[in-house]
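S.K.: Need coordinates for the below:
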Amino acid sequence: LLLLLLLLQDALPHGIGQHAKNKRPKEPGENKIKPVNKKAKPKTPKIKERESGDPSLKSQSILTLVMDKGRFQKLAPTLSLSAGESIELRCKGSNVTWNYPSYLDTFKDSRLSIKQLDRYSQLILTNSTAADTGEYSCWLQLCNDNKCRKDETRTGSTYIFFTDKEELFVPTPSYFEIVYLNPDKPAVIPCRVTTPSAKVTLHREFPAEEIEADGTDVIYDVKKGFVYQHPTSDHKGIVYCKAESEGAPQISIKYHLLYAEVPKGPPSATIAASPNRAEGSDSVRVICTVLGDPGVDVNFRWQYPGQESERPVIIQNSWRLINRGTGHTTRISKSILLVEDFDTRDAGNYLCVAQNLQGETTVATKVELN
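M.R.: I've put the predicted structure just below:
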């Protein structure tokens, strides 16, 4: 028994020492969590790389609003300011192009100034009005020799509302506007507001009724107005918009909606002379007529017998809108060539060339001398 106790006493310290040795603190570098923590640190630069490669984020960062005391604010898709405020926008880049409401260009407004500096372009608008409401955008131009193109990855835009309680609708230079309803494209009734929170409704003048914006056939867009997605002849007539915002309702200008036939291709032209057989010293009229889309311009050119000898003629061009039944509206364009004191030099073929964006059509008629 004594021998057994001696053997146990000799073995017990050895076991405790071995166990303590296994529990010793690990040396630096042995902890496998530390390398993971080190790998986690570069995550921020990786995110920045993704941001710099995202065109949409680039386009948002290119345009900024200059605040007080030299502070800058990145612009959201829309911005509301009070009419009367002055604004300064900056667009990063050494070759910047701007787009802004055409109203400012039409009247060559001195309140607007644009200056290109080394690293950015500056747009300043002073004493803003409700009429300045609209989209302001900029982009970089990539130029090679004399050829330039828009850099689609470096753009910025914002729609600015210049709110005015006295002008809920963006003012227009006229009190009446024609909107053509084409069956193959949406039609916009452009009653834009200066206050995005205003309640806006669309109304027909006769019969007097509100036209519901159902979100499908008729859509309200705060930046555009009301949009007819699929115009038909049933939509023709006179309409107006009504807006309400913390006060008495306001009425927009009136819009005359005309349903337009849309002929495709070159002009459909006809020609006729009156008379086609003339006596000496008679006056002869040659009329060239084109029926077409109300919104498409037509240009006329003439060739006539006395042209080379510089015989005097009078040419009159005109156009008007006509109704062709069931609410259809067409533009009739005319060019009248008048020959006074008709003589032998004026006898022969008269050619009319009618041209639109789709092409040209040539028609001819002959005028003889009795």
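S.K.: For Ile114, give its distance to Lys242.
M.R.: 37 Å (Cβ to Cβ, to the nearest Å). For the C-beta atoms, the positions are set from N, CA and C on the backbone; glycine is no exception.
S.K.: ah, wrong one, I meant Gly359
M.R.: As judged by Cβ to Cβ, Gly359 and Lys242 stand 44 Å apart.
S.K.: Those two: who's more crowded?
M.R.: More crowded of Gly359 and Lys242, by other Cβ atoms under 10 Å: Lys242, with 18 against 10.
S.K.: Against Ala208, how distant is that one?
M.R.: Lys242 is 12 Å from Ala208, where distance means Cβ to Cβ.
S.K.: Check the offset of stretch 151-159 from the chain's centre.
M.R.: Centre-to-centre, stretch 151-159 and its host chain are 13 Å apart (Cα atoms, centre = their mean, to the nearest Å).
S.K.: Determine the number of other residues adjacent to Val284.
M.R.: Residues lying near Val284 (other Cβ under 10 Å) number 22.
S.K.: for the residue lying closest to it once chain neighbours are set aside, what are its contacts?
M.R.: Nearest residue to Val284 in three dimensions, chain neighbours excluded: Val339, at 4.6 Å (Cβ to Cβ, 6 or more residues apart in numbering). With contact taken as Cβ atoms under 8 Å, 6 or more residues apart in numbering, Val339 is in contact with 283-286, 304, 306, 311, 313, 346.
S.K.: for Phe169, same thing?
M.R.: By Cβ under 8 Å, 6+ apart, the contact list for Phe169 reads 191-194, 241, 243, 250, 252-253.
S.K.: Let me know the pLDDT of it.
M.R.: Looking at Phe169, its pLDDT is 93.
S.K.: With the one 10 residues further on instead?
M.R.: Confidence per residue is given as pLDDT, and for Val179 that number is 87.
S.K.: can I get the contacts of Val339 in TSV with secondary structure?
M.R.: Shown next, in TSV, are those (DSSP: H, G, I helix; E, B strand; the rest coil):
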residue	secondary structure
Ser283	coil
Val284	strand
Arg285	strand
Val286	strand
Tyr304	coil
Gly306	helix
Arg311	coil
Val313	coil
Asp346	helix
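S.K.: Show the buried residues in the residues you listed.
M.R.: 284, 286, 304, 306, 311, 313, 346 (16 or more other Cβ atoms under 10 Å).
S.K.: Closest one to Arg204 out of those residues, please.
M.R.: Comparing the buried ones among the contacts of Val339 against Arg204 with Cβ to Cβ picks out Val286 as the nearest, at 43.9 Å.
S.K.: ok, what's across the strand from that closest one?
M.R.: On the basis of DSSP bridges, Val286 is bridged to Ala273, Leu337.
S.K.: so how far is Thr344 from it?
M.R.: Taking Cβ to Cβ, one finds Val286 at 17 Å from Thr344.
S.K.: do Glu246 as well
M.R.: 78 Å.
S.K.: Sort out for me which of the contacts of Phe169 are in strands.
M.R.: 241, 243, 250 (DSSP state E).
S.K.: so can I have JSON lines of those showing neighbour count, distance to Leu321 and pLDDT?
M.R.: Formatted as JSON lines, the ones in strands among the contacts of Phe169 follow (neighbours: other Cβ atoms under 10 Å; distance: Cβ to Cβ, whole Å; pLDDT from 0 to 100):
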{"residue": "Cys241", "neighbour count": "25", "distance to Leu321": "23", "pLDDT": "94"}
{"residue": "Ala243", "neighbour count": "18", "distance to Leu321": "29", "pLDDT": "93"}
{"residue": "Gln250", "neighbour count": "18", "distance to Leu321": "30", "pLDDT": "92"}
